[in-house]
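**Student:** Have a look at this fold, sequence not included:
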């Protein structure tokens, strides 16, 4: 190529110029075809929309409706009510599809044309002195890359429009759908379904669409989005209340560890002592010796529970039901028994009620004893844990026989 004559070089330049002209004409034809295709697609969509509107039952009824008769003399004029259009959930994908077709067609034609030009200039670079050909080759290559990007963008738009229709079928009449369900129904991965949802929102195909903060739900109406925000606010409020309650519990526990009872602990013990005083008064008022013995048994168990509370206030958490229901009910039953006992005539109903109260007292004694035993549950677990650790350490040091040691004969 270094010995190329001037005539040969001129011939090569003319060949390149002819090739560029041919490619330019091809690109122009491609752009015209793409424009015709887009226009045809839009025209077809508009015609289909008009036909659908014309064949809709409401449209036919509106066309066939007669002019209403004039109002009678003296009648009040009828004020037409303003009809507020409900915002649509989904927008048409015709525009996105048409732009995608245009981009892919134009991008493909331009990529082929500029790629061919870049190849020709690359061949011309090998000729000595053709430094401008290098710049032309670089420019043609850049245009080829830009055209390929347009082609890929057009394909992506068409794919997004198709995915939008698939999502719409999955939603049906629902206002919210999870991303995993969209993925399973459309054959995508959850990551791909989430990415597609964001593209759909980006192109404005869901005017009211929102994604949840964690990206697990897609909402298509403002109504469900407001409900979602309200649920989030409620959840945050509950979490705040739980944190405050936990902080209060820790503060109370720190006071207890320091040997101080909180106001709530002292109020609990005072209320329990008041119920014990009422039981003692009822014991004095009731003459039946068996009932009095059962009252004394209940007093003794409740007093032990309150003493345990003063020593270990943490056990109060399991005694709310005793203070709120069991003790008030016990006092109420014994007051009723005192009233029945004072009746001068002990009929069948009175006797039966007294027997039922006596049997209930036996059941209450057992219940209070179980509550007292439950207050030592944590202590029992701590003792068992300490014994297990101590036994293992003694066996490790050889001070006792381990579980696998054989006794010497």
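**Tutor:** Done, it's in. Predicted model only: the values in this text are computed from it and were never measured.

**Student:** all contacts plus neighbour counts: C-alpha atoms, from now on.
**Tutor:** Will do.

**Student:** give me the low-pLDDT residue ranges for the chain?
**Tutor:** In the predicted model of the chain, residues 1-87, 121-137, 140, 249-260, 378-386, 389-390, 392, 394-395, 397-409 satisfy pLDDT under 70.

**Student:** now the strands for it?
**Tutor:** Assigned by DSSP state E, the chain shows strands spanning 176-178, 210-211, 217-219.

**Student:** got CSV for those, with mean neighbour count too?
**Tutor:** Listed next are these as CSV, based on neighbours: other CA atoms under 10 Å:
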stretch, mean neighbour count
strand 176-178, 18
strand 210-211, 20
strand 217-219, 21
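
**Student:** Need those in JSON lines (columns: distance to residue 198).
**Tutor:** Formatted as JSON lines, the strands of the chain follow (distance: least, CA to CA, whole Å):
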{"stretch": "strand 176-178", "distance to residue 198": "14"}
{"stretch": "strand 210-211", "distance to residue 198": "8"}
{"stretch": "strand 217-219", "distance to residue 198": "10"}
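
**Student:** out of these, nearest to residue 350?
**Tutor:** Of all the strands of the chain, it is strand 176-178 that lies closest to residue 350, at 63.2 Å by CA to CA.

**Student:** so what does the closest one touch, helix or strand wise?
**Tutor:** Contact analysis of strand 176-178 by 3 or more CA pairs under 8 Å, 6 or more residues apart in numbering; DSSP states H and E lists strand 217-219 as its packing neighbours.

**Student:** Note down every partner strand of the strand it packs on and its orientation.
**Tutor:** Strand 217-219 pairs in its sheet with strand 176-178 (antiparallel), strand 210-211 (antiparallel), by DSSP bridges.

**Student:** Could you export those strands as TSV, including distance to residue 323?
**Tutor:** Putting those into TSV (distance: least, CA to CA, whole Å) gives the following:
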stretch	distance to residue 323
strand 176-178	46
strand 210-211	48
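
**Student:** Nearest residue to residue 88 in space, ignoring adjacent ones along the chain?
**Tutor:** Distance criterion CA to CA, 6 or more residues apart in numbering; nearest residue to residue 88, sequence neighbours excluded, is residue 207 at 7.4 Å.

**Student:** Any idea how many residues pack against that neighbour?
**Tutor:** Residues within reach of residue 207, counting by other CA atoms under 10 Å, total 17.

**Student:** what sits against it?
**Tutor:** Residues in contact with residue 207, defined by CA atoms under 8 Å, 6 or more residues apart in numbering, are 88, 89, 90, 91, 201, 220.

**Student:** From residue 336, how far out is the first one?
**Tutor:** Relative to residue 336, residue 88 is positioned 68 Å away (criterion: CA to CA, to the nearest Å).

**Student:** more crowded one of those two?
**Tutor:** Higher neighbour count among residue 88 and residue 336: residue 336, with 14 against 11, using other CA under 10 Å.

**Student:** and residue 343, backbone torsions?
**Tutor:** Backbone torsions of residue 343, given as degrees, to the nearest 10, read phi -70, psi 130.

**Student:** Check residue 206 too.
**Tutor:** According to degrees, to the nearest 10, residue 206 has phi -120, psi 90.

**Student:** For it, which non-adjacent residue is spatially closest?
**Tutor:** Residue nearest to residue 206 in three dimensions, not counting chain neighbours: residue 90, with 5.1 Å by CA to CA, 6+ apart.

**Student:** ok, now which ones touch that neighbour?
**Tutor:** 168, 205, 206, 207.

**Student:** Out of these, which is nearest to residue 141?
**Tutor:** The nearest one, if we look at the contacts of residue 90 relative to residue 141 and count by CA to CA, is residue 205, at 35.0 Å.

**Student:** residues touching the closest one, list them.
**Tutor:** Residue 205 touches 90, 91, 92, 93, 164, counting by CA under 8 Å, 6+ apart.
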